[in-house]
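Undergrad: sequence plus the predicted model coming up.
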Amino acid sequence: MSLTLQLSPEAERALQQEASFAGILPADYAQRLIYRGLHLPEVTGWEGQTLTELFSEWKMQENDTITSEVEDQDWDEIANRIDADRVHLPVPEIDDHA
């Protein structure tokens, strides 16, 4: 359902300010207020996900990134230890004038 609202300049400013604080568009913020006022489930976001689902997904992605970074650090540490444990043999000098 589409809905057109006639807001007073004061209400429009308040809606814009609150939406800005929430980091969303005023229309999305107004939709959120309507859903809350009607005691309905959260407004869905991208691909039909609720905001809670989106935050959970982002948290899992963050954890995957952290895990990947830790794995990279582990491999770097392994490579450094291999280099440190490597036997360094002196290279004999070859005299070309023999």
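TA: Yep, it's here. Numbers count the residues shown, from 1 in each chain.
Undergrad: what does the domain assignment say about the protein?
TA: As assigned by automatic domain parsing, the chain contains the domains 1-43, 47-87.
Undergrad: possible to save those domains as CSV with distance to residue 94, mean pLDDT and mean neighbour count?
TA: Yep, even glycine has a C-beta here, placed from its N, CA and C like the rest. Output for the domains of the chain, formatted as CSV (distance: least, C-beta to C-beta, whole Å; pLDDT from 0 to 100; neighbours: other C-beta atoms under 10 Å):
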stretch, distance to residue 94, mean pLDDT, mean neighbour count
domain 1-43, 70, 87, 11
domain 47-87, 21, 71, 10
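Undergrad: distance of the spatially most central residue of the chain from residue 92?
TA: With the centre of the chain defined as its mean C-alpha position, the nearest residue by C-alpha atoms, centre = their mean is residue 58, 5.1 Å away. Here residue 58 is placed at a distance of 59 Å from residue 92 (C-beta to C-beta, to the nearest Å).
Undergrad: same question, residue 85
TA: Relative to residue 92, and taking C-beta to C-beta, residue 85 is found at 23 Å.
Undergrad: kindly report the same for residue 8.
TA: 92 Å.
Undergrad: if we can go back for a sec, helix or strand: which one has the residue nearest to the centre of the chain?
TA: Per DSSP states H and E, residue 58 falls inside helix 51-85.
Undergrad: how far out from the middle of the chain is that helix?
TA: Distance of helix 51-85 from its chain centroid, counting by C-alpha atoms, centre = their mean, to the nearest Å, is 14 Å.
Undergrad: counting by contacts, list what it packs against.
TA: For helix 51-85, there is no helix or strand it packs on, judged by 3 or more C-beta pairs under 8 Å, 6 or more residues apart in numbering; DSSP states H and E.
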